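Peer 1: Sharing a model prediction with you, sequence too.
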Amino acid sequence: MRQEFDAQWNQLAEEVMSGMREWRVQQPRATLAEIEAALDERMAQMRARLLTDLALASAAADLAASPPEERPRCGVCGGILHERGRHKRKLTTQGNQTVQLERSYGYCPSCEVGFFPPG
């Protein structure tokens, strides 16, 4: 999995760099502030993608794949969480970028408390 991520992340970094080179050719008289804003926008997009990939690579993303003794525990009673399906959640991160995560929804049958993401 690491090689797959490395290849994707290297491609993202190259897209940021080539996009900035192209932008700079089109904006030869851009001020430092304009260059910085263009770079920040591209970096925020790359950051959001990296954040999504890293969050979804977490063991907490899929409770069913973990043996019960390795699953996160309820923050209220300490009981082992059960999976109650997968749910999608959209979050806004730095640079006003949207990150969408689809992860397990953890549920404590004793406390009747749900956790997303669990753990």
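Peer 2: Noted; the coordinates are in hand. Treat the numbers as computed from the prediction; the structure is a model and nothing was measured.

Peer 1: Spell out, range by range, the helices that occur in the chain.
Peer 2: With DSSP state H as the criterion, the chain has helices at 2-26, 32-56.

Peer 1: need the contact list for the nearest residue to residue 46 once chain neighbours are set aside.
Peer 2: The shortest distance from residue 46 to any non-neighbouring residue, by CB to CB, 6 or more residues apart in numbering, is to residue 12 (4.9 Å). Every C-beta, even on glycine, is put in place using the N, C-alpha and C of the backbone. Residue 12 is in contact with 46, 49, 50, counting by CB atoms under 8 Å, 6 or more residues apart in numbering.

Peer 1: what's the neighbour count on the nearest residue to the last one once chain neighbours are set aside?
Peer 2: Think residue 50. Nearest non-adjacent residue to residue 50, counting by CB to CB, 6+ apart: residue 9, 6.4 Å away. Residues near residue 9, counting by other CB atoms under 10 Å, number 14.

Peer 1: ok, residue 9 to residue 35 distance?
Peer 2: Taking CB to CB, to the nearest Å as the measure, residue 9 falls 23 Å from residue 35.

Peer 1: Cool, thanks, talk later.
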